[in-house]
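Undergrad: here are the coordinates; sequence isn't available:
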C-alpha cells in the first residue's frame, strides 16, 4: 500500500515538473529552463571583456596627449571642447564600469541608460567624431596635397572602434558574450517603460444663454415675501394630520436638500465631470505566494517578501504595492499577482 502511494506521488511530481517546464518554454524564458549557468572567469573582479575595454581606453587616453596637428602642438585637450566627447565621455564610461565591480551598490544608471548602454553610446559617439576628423583631413589633403593632422586621429579612431566592438556588438560575439548571460532580471527604469496612452480631451460644455428680461422677472419673484401659513392653507394636498409648523419644517428640509443637489449639479456641470471624493488609502497586510523583490523608484532591489511572513502594504497603486519593511525601508512591489490580502 505504501509503495503504491509513493509511486502515485512520484507520478504527480513528474507531471507538475513537466507542466512547469512547458509554461516556461511558452513564455520564452530561456533562463528558466537552465537553472545554472557556466561559471564566468576573468581577471580579478573584472571580466575578460571589461579588462579588454579598460586596455583600449588606457591606450586611447595616453594617445590623447600627443599633438593632433603637424604644424604646431595641439592635442585634443587643448582644442576647445573637443575633448569632452572624444575622450572625456569614454573615460567616464570606463570609470563607471570599474565602479560597478568594486562598489555594486554605487551608480547603476546614467539617466535611463544602464552602464553598458552608456558605454556603447560613449564609444560610438567618439568614433564618429574621429571619423569626421579623418574625413576632413583626407578631403583637405586631396585638394591641397598637404596633411595637416598627425597619426593621432587614425589611432584614436581605431581604438574607439575597438571600444564599439566591446560594447555594442559584445552581446552577439563569443566568448565575450558570456558577460551578458545569466544576469538578474530587474524592472526597467520608468523612462524606459512603455508609454501611456493619450486620452482625448473632453469637449467644452457651452454655457446656457439666459434672457436678461426673464432673469430680472424671476429674480423679482424670488425676492417677494411669501406667507408660509397662507400657502400651506391653500394647498389641497395638506391634510389635518400635520400642523402648519411641521409641514413648514419638512418643506424647509426638502428645500435645503434641493438646494444642495442643485449646488452639486452646478459644480459637476462647471467642471464637465462629476466631482469624485478623494480615495483614502488604508494599510493592510499582504502575503506573496513566492519570493519577490521590492525595489526603489530606480528599480534597484531593496528587500524581498515571500510566503513565510506577512508584509505591510501602505499604499495600493493598482498594478503595484508600496510595502514597508520592519526596519522602516519603503519600496515598490511591482508583481502583485496572486497576493493574498490580510
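TA: Okay, I see it. In this text, all values refer to a predicted model and were calculated from it rather than measured experimentally.
Undergrad: Going by C-alpha atoms from here, please, whenever you check contacts or count neighbours.
TA: Fine.
Undergrad: After the helix or strand where residue 91 lies, which helix or strand is next?
TA: For residue 91, the element it lies in under DSSP states H and E is helix 89-102. Scanning the chain past helix 89-102 towards its C-terminal end, the next helix or strand to appear is strand 109-110 (assignment: DSSP H and E).
Undergrad: Sheet-wise, list the partners of that next one with their directions.
TA: strand 113-114 (antiparallel) (DSSP bridges).
Undergrad: Can you name the next helix or strand after the partner strand?
TA: Later in the chain than strand 113-114, the nearest helix or strand by DSSP H and E is helix 115-144.
Undergrad: buried set for the next helix or strand after that next one?
TA: Stepping forward along the backbone from helix 115-144, the first helix or strand reached (DSSP H and E) is helix 152-167. Of the residues in helix 152-167, those with enough neighbours to count as buried (16 or more other C-alpha atoms under 10 Å) are 152-153, 155-167.
Undergrad: So which other helices or strands are in contact with helix 152-167?
TA: Other helices and strands packing on helix 152-167, by 3 or more C-alpha pairs under 8 Å, 6 or more residues apart in numbering; DSSP states H and E, are helix 48-63, helix 115-144.
Undergrad: can you give me the angle it makes with helix 48-63?
TA: When axes from the mean of the first three to the mean of the last three C-alpha atoms, to 10 degrees is applied, the directions of helix 152-167 and helix 48-63 differ by 170 degrees.
Undergrad: For helix 152-167, give the mean pLDDT please.
TA: Throughout helix 152-167, pLDDT has a mean value of 96.
Undergrad: and the helix holding residue 91, what other elements does it pack with?
TA: Contact analysis of helix 89-102 by 3+ C-alpha pairs under 8 Å, 6+ apart lists helix 48-63, helix 115-144 as its packing neighbours.
Undergrad: what about 6 Å?
TA: Where contact means 3 or more C-alpha pairs under 6 Å, 6 or more residues apart in numbering; DSSP states H and E, helix 89-102 is packed against helix 115-144.
Undergrad: Run through the neighbouring helices and strands of the helix it packs on.
TA: When contacts are defined as 3+ C-alpha pairs under 6 Å, 6+ apart, helix 115-144 packs onto helix 89-102, helix 152-167.
Undergrad: how near is the nearest residue to residue 149 once chain neighbours are set aside to residue 81?
TA: Leaving out its chain neighbours, the residue that sits closest to residue 149 by C-alpha to C-alpha, 6 or more residues apart in numbering is residue 69, at 4.3 Å. Residue 69 sits 16 Å away from residue 81, going by C-alpha to C-alpha, to the nearest Å.
Undergrad: what do you get for residue 119?
TA: For residue 119, the distance to residue 81 (C-alpha to C-alpha) stands at 20 Å.
Undergrad: Those two: who's more crowded?
TA: Counting neighbours by other C-alpha atoms under 10 Å for residue 119 and for residue 81 shows that residue 119 has the greater number, 28 against 11.
Undergrad: Tell me how many other residues surround the residue nearest to that one when sequence neighbours are not counted.
TA: Excluding the flanking residues, the one nearest residue 119 by C-alpha to C-alpha, 6+ apart is residue 93, at 5.0 Å. Applying the criterion other C-alpha under 10 Å, we find 23 residues in the vicinity of residue 93.
Undergrad: same deal with residue 191?
TA: A total of 11 residues lie near residue 191 under the criterion other C-alpha under 10 Å.
Undergrad: burial of the residue lying closest to it once chain neighbours are set aside, as a residue count?
TA: Among residues not flanking residue 191 along the chain, residue 112 sits closest, at 5.9 Å (C-alpha to C-alpha, 6+ apart). Applying the criterion other C-alpha under 10 Å, we find 16 residues in the vicinity of residue 112.
Undergrad: same check, this time on residue 92
TA: Every residue meeting other C-alpha under 10 Å relative to residue 92 is counted, giving 14.
Undergrad: Same check on residue 72?
TA: Residue neighbour count, defined by other C-alpha under 10 Å, stands at 10 for residue 72.
Undergrad: Which secondary structure element is home to it?
TA: Under DSSP H and E, no helix or strand contains residue 72.
Undergrad: where's it relative to residue 192, distance?
TA: Taking C-alpha to C-alpha, one finds residue 72 at 46 Å from residue 192.
Undergrad: go on, residue 183?
TA: Residue 183 is 18 Å from residue 192, where distance means C-alpha to C-alpha.
Undergrad: what does residue 161 give?
TA: Counting by C-alpha to C-alpha, the separation of residue 161 from residue 192 is 27 Å.
Undergrad: now residue 69
TA: Remark: distance between residue 69 and residue 192 (C-alpha to C-alpha) = 42 Å.
Undergrad: ok, the residue nearest to residue 149 - contacts?
TA: Taking C-alpha atoms under 6 Å, 6 or more residues apart in numbering as the contact definition, residue 69 lies against 148-150.
Undergrad: Walking through the stretch 151-300 of the chain, point out its helices one by one.
TA: Shown for the stretch 151-300 of the chain, the helices assigned by DSSP state H, counting those that start in this stretch span residues 152-167, 212-222, 228-233, 244-271.
Undergrad: shaky segments in this protein?
TA: When residues are selected by pLDDT under 70, those of the chain lie in 1-36, 207-281.
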